[in-house]
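Visitor: would you be able to build a 3D model of this:
(4 chains)
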Number of protein chains: 2
Amino acid sequence: MAGRKIRNMEEFAELSGISRPTVSKYFRDPESVRKSSRMRIEAALEEYDYRPNIFAINQNRKLTKTVGILVPYLADPFFAEIVRMIEWRCIDAGFWPIVFSAHGRQDLENNALATLQSLKPAGALLAPLGRHSDLESVRRFAEEVPTIVFDSNVNVGEAFVGSDNFQSIGLIVDYLCRTGEAPCFFEMQPVNPNANKRREAYTRSMERLGYEPMVVQVEGAGWEFERIGKEGGIRLISEKALPSDTILCSNDRLAIGLIAAAYETGRRVGHGPGCALRIAGHDDHPWARFTCPPLTTVSQDYEAIAEKSADLLFQLIDKGAPPPRREEILCEGKLVLRVSA
Amino acid sequence: MAGRKIRNMEEFAELSGISRPTVSKYFRDPESVRKSSRMRIEAALEEYDYRPNIFAINQNRKLTKTVGILVPYLADPFFAEIVRMIEWRCIDAGFWPIVFSAHGRQDLENNALATLQSLKPAGALLAPLGRHSDLESVRRFAEEVPTIVFDSNVNVGEAFVGSDNFQSIGLIVDYLCRTGEAPCFFEMQPVNPNANKRREAYTRSMERLGYEPMVVQVEGAGWEFERIGKEGGIRLISEKALPSDTILCSNDRLAIGLIAAAYETGRRVGHGPGCALRIAGHDDHPWARFTCPPLTTVSQDYEAIAEKSADLLFQLIDKGAPPPRREEILCEGKLVLRVSA
DNA sequence: CTTTTTTCTTTACGCCCGTAAATTTTATGG
DNA sequence: CCATAAAATTTACGGGCGTAAAGAAAAAAG
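Guide: Model prediction:
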């Protein structure tokens, strides 16, 4: 494939000895042409290294093979991981995934949606910012593009895939209450519906078990959750303002910050003797197993969320028609017992 | 902008009362048309919400406004951060960044390069896999597309931007030797030139200071550095196989794993009294300040690397011609003293 | 107000490919 | 070997835009 330069499909078709429409058909679906033709085309491909012009292809296809993926913050390991898994599935299914990050900002989210829409994608997988989303924009987008929403349920799109916060929080509240002091709930200002649901789930679980819910909210905006958790944690610990020595964090990143705060203030974290604090998180972030001590948490089922949302989208694209009513698929979390609580 | 649907530029031009070629000119550069025309177009834009078809635009332009960004592993916070910064600059400079991740695999890197090339980007910013790269593919790509290589110097492209490993490693080796036992060097099998340079820099620094270099390599492939560091660390610590109680890790992610290993085996980390190990890293990863204890490390200058590589690319795109010889820009690291060493 | 310059409009062509219709070739089965 | 079905070819058009050329209109300069 080091031969001369190929300008376009016309030229390539000539060199391969097959007509251009047939070559075009081959590139849409290699199985759709006769075997002998396929082999001649592939022989020519070996020799000449031609690739059809993506722009010209997509200009004329009503159904692009592009799938848009938008997440609120790609530098968050949760999204990085889940995007990795989704990209994978898209490629396997013959789609061309293209990733956007809103970098935590509404204007960039809107921008990404607009750019994405002009790419005329076959579909989109959106994890909206949540509280900071311009819901009207998201809705308008979803009206034009087959859209599955994941992670952050903003009641837009043909379906939602996410975690069952009531189940997962229930699980860990049960565990914590059964094995020691009832937990307080450590959160920052909620950025998306998950945070709210988790707080509510915590409150309900506590009440169900006959405890008084205790919610502690720390100051801080933005996506530097660890810093917020650490700074807030240091203040709360040194002021002895924590209503319980068992702390359930709204997510693992806050928990990582809180563990750092405990270290800095000399409190030993864990469930053994001599430990001052028990700290638990939620999500099972990629880094949760490497904290000191390793973080007890509830896993989000990354694989399941990635798989279900992708499959649902492919289904939606194939069917053409949206489902009769908006589906909401909730994946269950699993208790991940480590040392911190 | 809730008016009727606009099909194409023709229709939009008609509605705005300006001819299509002028509208086309406007979209390429709004300043290039007369003010009165610009205002009429913008008024129509307010009302009708039209966006030119990206595919049709790029098909006819020789110089696309796309900039490709390829990193080896986007779920690594170092790359996530630096991509975030680069994307930013591209958007500011009026380009359209598009991000690819090789997910640590050669076939996906090649795939991404091919896809990227068929997008006819104005330029590309590549952080190659390194040892696992198909250098011939990368080279062929760089011959066609103005390319800046960053992070991993594989001697391809018009320029390289990265860290000065000799400077940064020298800095931390000096510090560690001055304040306690001379460090051994903790690494895994090198995945890219940086890892090799760092080992070499360590060796030289040690010899310069009159110490015997001690390199410890742990088993493990792939991009789960923390796991590799932790598992290797546990083995080395429990077998008392570490040649020094001060350990300089090839990067922060390994160090995070090693700190977890020290915790698990009950060794206290830090430079104070009662500490069994001093552990230092390299990179100043976003998570390095949240380890327990916080990680002493050498920062890579993320901002500088992102800025210089992006600026260099824009310059290259404007100039049209490559620089007389391949530039190599090395950014200096800064010592980041925390508690772990 | 006239001349010069700038900018716009009109017209037209091309980019590279998808795709439809009509025709020809090739494969399949009896 | 022929009839039929399947697949390929030829021909033709269109998509949405860039862009060039020529002439008209508007702005700037005198």
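Visitor: and the pLDDT at A:Asp29?
Guide: A:Asp29 is assigned a pLDDT of 84 by the prediction.
Visitor: burial measure for it, as a count.
Guide: Applying the criterion other C-beta atoms under 10 Å in any protein chain shown, we find 9 residues in the vicinity of A:Asp29. The C-beta positions use only the backbone N, C-alpha and C, and glycine is treated the same way.
Visitor: repeat that for A:Glu144.
Guide: Burial of A:Glu144 is recorded as 13 neighbouring residues (other C-beta under 10 Å).
Visitor: what residues does chain A have near DNA strand D?
Guide: Taking C-beta under 7 Å from any atom of the strand as the contact definition, chain A meets DNA strand D at A:17-22, A:25, A:32-34, A:37-38, A:56, A:59-60.
Visitor: confirm that A:Val67 sits in a strand.
Guide: Yes: when DSSP: H, G, I helix; E, B strand; the rest coil is applied, A:Val67 is found to be in a strand.
Visitor: against DNA strand D, how distant is the closest residue to it other than its chain neighbours?
Guide: The spatially closest residue to A:Val67, leaving aside those adjacent along the chain, is A:Phe95, at 4.5 Å (C-beta to C-beta, 6 or more residues apart in numbering or on different chains). For A:Phe95, the distance to DNA strand D equals 21 Å [C-beta to the nearest atom of the strand, to the nearest Å].
Visitor: quick one, phi psi at A:Phe95?
Guide: Comment: the main-chain dihedrals of A:Phe95 come out as phi -100, psi 170, following degrees, to the nearest 10.
Visitor: got it, and A:Gly162?
Guide: Dihedral angles (degrees, to the nearest 10) for A:Gly162: phi -160, psi -160.
Visitor: just to revisit the earlier point, could you list which of the residues of chain A next to DNA strand D also contact DNA strand C?
Guide: Applying C-beta under 7 Å from any atom of the strand to the residues of chain A next to DNA strand D, one finds that A:Arg20, A:Pro21, A:Lys25, A:Arg34, A:Ala56, A:Gln59, A:Asn60 fall near DNA strand C.
Visitor: what's the neighbour count on the fifth one?
Guide: Okay, so that is A:Ala56. Taking other C-beta under 10 Å as the definition, A:Ala56 ends up with a neighbour count of 16.
Visitor: just checking, it touches B:Phe55?
Guide: Yes: under the criterion of C-beta atoms under 8 Å, A:Ala56 makes contact with B:Phe55 at 7.5 Å.
Visitor: quick one: the strands in the stretch 101-250 of chain A?
Guide: Using DSSP state E, counting those that start in this stretch, the strands assigned to the stretch 101-250 of chain A run over residues A:123-126, A:147-150, A:159-163, A:184-188, A:215-218, A:246-249.
Visitor: and the residues of chain A next to DNA strand D near chain B, which?
Guide: Cross-checking the residues of chain A next to DNA strand D against chain B (C-beta under 8 Å from any C-beta of the partner chain) gives A:Ala56, A:Gln59 as the overlapping residues.
Visitor: of all the strands of the stretch 101-250 of chain A, which lies closest to DNA strand C?
Guide: For the strands of the stretch 101-250 of chain A, the distance to DNA strand C is smallest for strand A:123-126, at 16.9 Å, taking C-beta to the nearest atom of the strand.
Visitor: now that closest one: mean pLDDT?
Guide: The predicted model gives strand A:123-126 an average pLDDT of 94.
Visitor: give me the sheet partners of it and which way each runs.
Guide: Sheet neighbours of strand A:123-126, with direction, are listed as strand A:66-71 (parallel), strand A:147-150 (parallel) (DSSP bridges).
Visitor: mean pLDDT lowest for which of those?
Guide: Ranked by mean pLDDT, these end with strand A:66-71 in last place, scoring a mean of 92.
Visitor: skip ahead from that strand and say which helix or strand is next.
Guide: Downstream of strand A:66-71, the first helix or strand assigned by DSSP states H and E is helix A:77-92.
Visitor: ok, that following helix near chain B or not?
Guide: Yes: for a cut-off given as C-beta under 8 Å from any C-beta, helix A:77-92 has contacts with chain B, namely A:Pro77, A:Ala80, A:Glu81, A:Val83, A:Arg84, A:Glu87, A:Trp88.
Visitor: alright, calling it a day.
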